[in-house]
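Engineer: prediction below, plus the sequence it came from.
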Amino acid sequence: MPEENPLKVIDLKNPDKQQIVDDLLEAAQTQGFLFIDGHDFSQKEIDELLGLSKKFFQLPTLEKAKYPIDETNKGYSCLRSEKLDLSEEAKTSGDPKEAWNFGDITFEDGKPHQDMPLLFKDPVNEKLVETVNKKLYHVILESLRYLSIGLKIEKAAGGEHWFANKNRPNEPNGSILRFLKYPSQDSFDSSTLIRAGAHTDYGTVTALFQFEGQEGLEIYANGWKKVPYISSKYPGSAPPLIVNFGDQLSYWTAGILKSTIHRVQFPESSIRDKKDRYSIVFFSHPEHDTLLEPIPSDIIRAAKGRGANNTADGDLLTARQHLDNKLNATYFRK
Ligand SMILES: O=C(O)CCC(=O)C(=O)O
Ligand SMILES: [Fe+2]
């Protein structure tokens, strides 16, 4: 029996744009997660991207280790190097997964700017990554535009362009395209059941490709709920993107929009079949010096929840500062 789907599916091709606005705002205020269909990604393109990710992880360990993840979140992180769940009860070692992060991306051409293995410099692979980056940038800004209409952001402050103004394509930003591999384990061990510890995402919005037969994402919304794999209603199209809202949106909206806790836990079938799990994630972050200040809107002013985060001196945090704080904690840097 197919898994029940707890999330709304929003179709960007729906001609009723008001319905998109309403559905998006409702999902953002309740589960903080939704599916976005009607995007521009073909199944073929995403299959190729997954193929590229698998080729990367097959490179010799020593080759991957030449590009260790740096302080701006670009490069390779090996097994156990990142620990997403920072709670006291969580295990002390990092998560059993490895990852490659493309960063310092200019979105006009989709190019990441960093040291990388030859595999990623092959012109076909390079083009694929650039195309995907550009499409992700556009689909996220389109969704954020609908959200800004729903939030009634004041015209004088940018109105429906509020997010685009903070995500100019060629300005330095914290966005990352990430390939993830959660390797199968030879023995069943409860310490490796949770593959990515419970956490919220740090950026504005995250978009994720989860692959068929490789489920595992769970969200915390009145208990843990599994996010199933679903197909697109458009033939030939990649599956709907799983989209969730990050800490920045929660800070900007005094907590009205939810940065929902989630984790990855291997389903029984993957454990039994000793299958690796792959996923591809895009973390959208604005320009580095963007302040995490309340969004200018009466809806936000009326909210009573926790608002923008401050530094120890009481100054507003920038997007970059918030990202640095999180990376320092999750990569055991302090
Ligand atoms: O691999 C997944 O399905 C989710 C990963 C995730 O939540 C993250 O890297 O922030
Ligand atoms: Fe996440």
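Structural biologist: Yep, it's here. Ligands and ions are numbered 1, 2, ... in the order given.
Engineer: gap between Leu241 and Pro267?
Structural biologist: Going from Leu241 to Pro267 by Cβ to Cβ, to the nearest Å gives 21 Å. To be clear about C-beta, it is placed using only N, CA and C from the backbone, and glycine gets the same treatment.
Engineer: check Val9 too.
Structural biologist: Taken as Cβ to Cβ, the span from Val9 to Pro267 is 21 Å.
Engineer: before we move on, back to that, higher neighbour count, Leu241 and Pro267?
Structural biologist: Leu241 (26 against 17; other Cβ atoms under 10 Å).
Engineer: give the contact list for the more buried one.
Structural biologist: Contacts for Leu241 (Cβ atoms under 8 Å, 6 or more residues apart in numbering) come out as 35-36, 39, 41, 139, 207-209.
Engineer: was I right about Leu193 contacting Phe266?
Structural biologist: Yes: contact criterion Cβ atoms under 8 Å: Leu193 and Phe266 qualify, at 6.3 Å.
Engineer: more crowded one of these two?
Structural biologist: Comparing Leu193 with Phe266 by other Cβ under 10 Å, the one with more neighbours is Phe266, at 22 against 12.
Engineer: got the contact list for that one?
Structural biologist: Contacts of Phe266 by Cβ under 8 Å, 6+ apart are 182, 193, 195, 216, 277.
Engineer: least confident of those?
Structural biologist: Scanning those for pLDDT, the low point is Leu193. It has 76.
Engineer: quick one: end-to-end distance for stretch 203-213.
Structural biologist: 28 Å (Cα to Cα, to the nearest Å).
Engineer: list the buried residues of that stretch.
Structural biologist: 203-210 (16 or more other Cβ atoms under 10 Å).
Engineer: in TSV, list these along with distance to Phe163.
Structural biologist: What follows is the buried residues of stretch 203-213, written out as TSV (distance: Cβ to Cβ, whole Å):
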residue	distance to Phe163
Gly203	12
Thr204	7
Val205	9
Thr206	15
Ala207	14
Leu208	19
Phe209	22
Gln210	25
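Engineer: out of the residues you listed, who's near ligand 1?
Structural biologist: The subset of these within reach of ligand 1, counting by Cβ under 6 Å from any ligand atom, consists of 208, 210.
Engineer: the buried residues of stretch 203-213: which two are farthest apart?
Structural biologist: Maximum pairwise distance in those, criterion Cβ to Cβ, is 20.1 Å, between Thr204 and Gln210.
Engineer: please enumerate the helices of the protein.
Structural biologist: With DSSP state H, the ranges of helices along the chain come out as 17-29, 43-58, 61-64, 123-150, 162-165, 247-252, 268-273, 298-301, 319-330.
Engineer: point out the most buried one among the ones you listed.
Structural biologist: Most buried of these by mean neighbour count (mean count of other Cβ atoms under 10 Å) is helix 247-252; its value is a mean of 26.
Engineer: the closest residue to ligand 1 within the stretch 1-150 of the chain: what's it in contact with?
Structural biologist: Residue of the stretch 1-150 of the chain nearest ligand 1, by Cβ to the nearest ligand atom: Leu84 (6.7 Å). Applying Cβ under 8 Å, 6+ apart to Leu84 gives the contacts 95, 196-199, 263, 330.
Engineer: determine which two of those residues are furthest apart.
Structural biologist: Maximum distance among the contacts of Leu84 (Cβ to Cβ): 13.5 Å, for Arg263 and Thr330.
Engineer: got any residues that touch both of those two?
Structural biologist: 84, 199.
Engineer: taking the stretch 151-300 of the chain, what residue is nearest to ligand 1?
Structural biologist: For the stretch 151-300 of the chain, Cβ to the nearest ligand atom, closest residue to ligand 1: Ser279, 3.5 Å.
Engineer: hmm, that residue is touching Glu212, no?
Structural biologist: No: contact criterion Cβ under 8 Å: Ser279 and Glu212 do not qualify, at 11.9 Å.
Engineer: mean pLDDT per helix and strand in the chain: which one sits at the bottom?
Structural biologist: Of all helical and strand segments in the chain, the minimum by mean pLDDT, DSSP states H and E falls on helix 268-273, at a mean of 73.
Engineer: re the thing from before, now the buried members of the contacts of Phe266.
Structural biologist: Counted by 16+ other Cβ under 10 Å, these give 182, 195, 216, 277 as buried.
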